[in-house]
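**Student:** I'd like to go over a predicted model; first the sequence, then the structure.
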Amino acid sequence: TSTPRKTHIAILASPGMGHIIPSLELAKSLVSHHDLKVTLFVPTTSSSSSESSTPQTQLLTSLSSLPPQDLLNLINLPPVDISNVVPTESHLAIRISAVVRESLPSVRSIIEKSQQQVPTVLITDMFGTDAFEIIGDAFQMSKYLFFTSNLSALAILAYMPKLDPMELMNEPLLRVPGCKPVRVEDLGDSFSYPNCGDHARMVQHARRYVQTSGVLVNTFEDLEPETHRALSDDEIARLIPLPRVYTVGPIIKSAVASPEGPIHCLSWLDMQPHDSVLFVSFGRGGTLSAEQVTELAWGLELSQQRFIWVLRKPNDITLVSSTYLGDAGGGQDDPSEFLPDGFLSRTRGVGLVVPNWAPQVEILSHASIGGFLSHCGWNSTLESIVNGVPMIPWPLFAEQRLNASMLSDDIGVAVRSPIQSSKGVIVGREEIERMVRLVMEGEEGKVMRRRAKELKNNGLGAVAKGGSSYNSLSQLADKWNGDSECGLI
Ligand code: UDP
């Protein structure tokens, strides 16, 4: 007897760890819990693939925790060079979208040449909509979007084509139907500045969301109840405009016993008391100015709290998009070059500085971690919540200000920090010391930690069998299986 053929799903990730990690985890979940077969396509740039030590390469080569290859086929696409396609100084969304677009001919030819049955469903993330026509329509796949941020950002982005951006610039608040008004200053440049190159590209992507049969969002109902209610309402969904929205998160990387990278920080954590260590990290693309690194170092030292700080070479431009895309960052800079004199020796035993990259999920899930000073990338945010860790937001780019305000003002798991109120300011050492003490040893910190632990349980419940996010994926899987049997797709 032959085993029944499983419905085959294609997922096309966008470059950048913040996109690749959740796409890989979604793929694993569809294979392990929903009886589907998945091919995950991962675009690479010429320089990211040539560096064997980049986190992306490490992640994609550590395949031990993956399901068997015939069920989850992970394809690292041939590297593309976008230097002749978009100017090097382009904004990040333009560059990410260009890498995906330039990779599409390879995706097409791999599907054409494959001996396997052609996938019947295509899932791309928010920057991958060029694939709808070039791959989805070409192979008659049904199209879905995997939105690797939250419902609030999705609603804003989907509503953007209906807005006059010039008018928006003169308003303090943005009102999306059915959703809580958001401060315009909390929107990333690509949302709020029509003259920013990213804006037109993001609007182009957003217009296409409605062509899909559904949007999977990496969040859970209890995290954004108001926006979830709004987007589940047919009337409101028509105004925004969006297809059916499915909350499927929190989909995050699970901690592994032997992670890649500097693991000495894990054995150091083993020796520290519960909830006593602040983790400080700004994601893959975030860098601080030299002056801000100095203030942060002093702030940490003055707070006298334990910390692990993932430190990247300072840069006066907050975002080095080449770092984000994996073109750089594999090197091991010497942190003492950009820290105040004597900092490392004065904080020895109390703090640990790790250059460039650390096993974040393993760190956040360690019982000794009691707070997270974070750039509030959406994956980092979910990882913090799922581990019940309160946050100090330090948003830098993209939708991170929006995430930060949500965490401090709505969800109640983060302190409100001055970096949220004014762009480009240098936050002084005393202010940093105050926030760190507040989260790590103050009453407010305790309240936030309790709230974070409560959300942790809700989040874990959502993805457990029978939870709301698990059920969303089951519903989708049933639909895909049914459609594929009826030959509808
Ligand atoms: N990450 C990590 N180690 C680091 C920095 C980041 O493992 O030193 C992981 C982190 O756990 C998260 C992802 O990379 O899963 C970053 O995604 P996020 O959306 O938070 O931020 P981005 O890097 O996209 O700005």
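**Tutor:** Noted; the coordinates are in hand.
**Student:** residues contacting Val436?
**Tutor:** By CB atoms under 8 Å, 6 or more residues apart in numbering, the contact set of Val436 is Leu278, Gly299, Leu300, Ser303, Gln305, Gly371, Leu373, Ile392. The way it works is simple: take the backbone N, C-alpha and C, and place the C-beta from them, glycine included.
**Student:** Which members of these are positioned in strands?
**Tutor:** Using DSSP state E, Leu278, Gly371, Leu373, Ile392 are the members of the contacts of Val436 that sit in strands.
**Student:** Distance of the second one relative to Met160?
**Tutor:** The spacing between Gly371 and Met160, counted by CB to CB, to the nearest Å, is 34 Å.
**Student:** repeat for the first one
**Tutor:** As for Leu278, its distance to Met160 is 36 Å (criterion: CB to CB).
**Student:** for the last one, same thing?
**Tutor:** For Ile392, the distance to Met160 (CB to CB) stands at 30 Å.
**Student:** Which secondary structure state does the closest residue to the ligand within the stretch 1-150 of the chain sit in?
**Tutor:** Closest residue of the stretch 1-150 of the chain to the ligand, CB to the nearest ligand atom: Gly18 (2.1 Å). What DSSP: H, G, I helix; E, B strand; the rest coil gives for Gly18 is helix.
**Student:** Stretch 265-277 near the ligand at all?
**Tutor:** No. Figure legend: stretch 265-277 not in contact with the ligand (CB under 6 Å from any ligand atom); closest approach 10.4 Å.
**Student:** Could you give the separation of that stretch from the chain centroid?
**Tutor:** 26 Å (CA atoms, centre = their mean, to the nearest Å).
**Student:** can you check stretch 28-36 too?
**Tutor:** In terms of CA atoms, centre = their mean, the centre of stretch 28-36 is found 21 Å from the chain centre.
**Student:** for that stretch, which positions count as buried?
**Tutor:** Under the neighbour-count criterion of 16 or more other CB atoms under 10 Å, stretch 28-36 has Lys28, Ser29, Leu30, Val31, His34, Leu36 buried.
**Student:** ranges for the strands of the stretch 301-450 of the chain?
**Tutor:** 306-311, 351-355, 369-374, 391-393 (DSSP state E, counting those that start in this stretch).
**Student:** Check what pLDDT Val350 gets.
**Tutor:** Turning to Val350, the model gives it a pLDDT of 97.
**Student:** OK, contacts around the nearest residue to it once chain neighbours are set aside?
**Tutor:** Once flanking residues are discounted, Val350 sits nearest to Arg306: 5.5 Å by CB to CB, 6 or more residues apart in numbering. Arg306 is in contact with Gln272, Ser276, Val277, Leu278, Val350, Gly351, Ser368, counting by CB under 8 Å, 6+ apart.
**Student:** swap the cut-off to 10 Å and go again
**Tutor:** 268-269, 272-273, 276-278, 300, 347, 349-352, 368-370, 440 (CB atoms under 10 Å, 6 or more residues apart in numbering).
**Student:** List buried residues within those residues.
**Tutor:** 268-269, 272, 276-278, 300, 347, 351-352, 368-370, 440.
**Student:** Go through those and say which is closest to Glu433.
**Tutor:** Among the buried ones among the contacts of Arg306, Leu300 lies closest to Glu433 (CB to CB), at 8.0 Å.
**Student:** Show me which residues of the stretch 251-400 of the chain sit near the ligand.
**Tutor:** Residues of the stretch 251-400 of the chain found near the ligand, taking CB under 6 Å from any ligand atom as the criterion, are 253, 281, 283-285, 310, 357-358, 360-361, 377-380, 383.
**Student:** Using PDB, list the CA coordinates for stretch 418-436.
**Tutor:** C-alpha atoms of stretch 418-436 as PDB (Å, rounded to 0.1, in the frame of the first residue of the first chain):
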ATOM      1  CA  PRO A 418      12.400  58.200  26.200                       C
ATOM      2  CA  ILE A 419      13.700  56.700  23.000                       C
ATOM      3  CA  GLN A 420      10.000  56.100  22.100                       C
ATOM      4  CA  SER A 421       9.100  59.800  22.300                       C
ATOM      5  CA  SER A 422      11.800  61.400  20.300                       C
ATOM      6  CA  LYS A 423      13.800  60.200  17.400                       C
ATOM      7  CA  GLY A 424      17.600  60.700  17.200                       C
ATOM      8  CA  VAL A 425      18.100  61.600  20.900                       C
ATOM      9  CA  ILE A 426      20.900  60.300  22.900                       C
ATOM     10  CA  VAL A 427      19.600  58.600  26.000                       C
ATOM     11  CA  GLY A 428      21.800  59.600  28.900                       C
ATOM     12  CA  ARG A 429      23.300  57.200  31.400                       C
ATOM     13  CA  GLU A 430      21.100  58.200  34.400                       C
ATOM     14  CA  GLU A 431      18.000  57.600  32.400                       C
ATOM     15  CA  ILE A 432      19.300  54.200  31.300                       C
ATOM     16  CA  GLU A 433      20.200  53.400  34.900                       C
ATOM     17  CA  ARG A 434      16.700  54.400  36.000                       C
ATOM     18  CA  MET A 435      14.900  52.100  33.500                       C
ATOM     19  CA  VAL A 436      17.200  49.200  34.200                       C
END
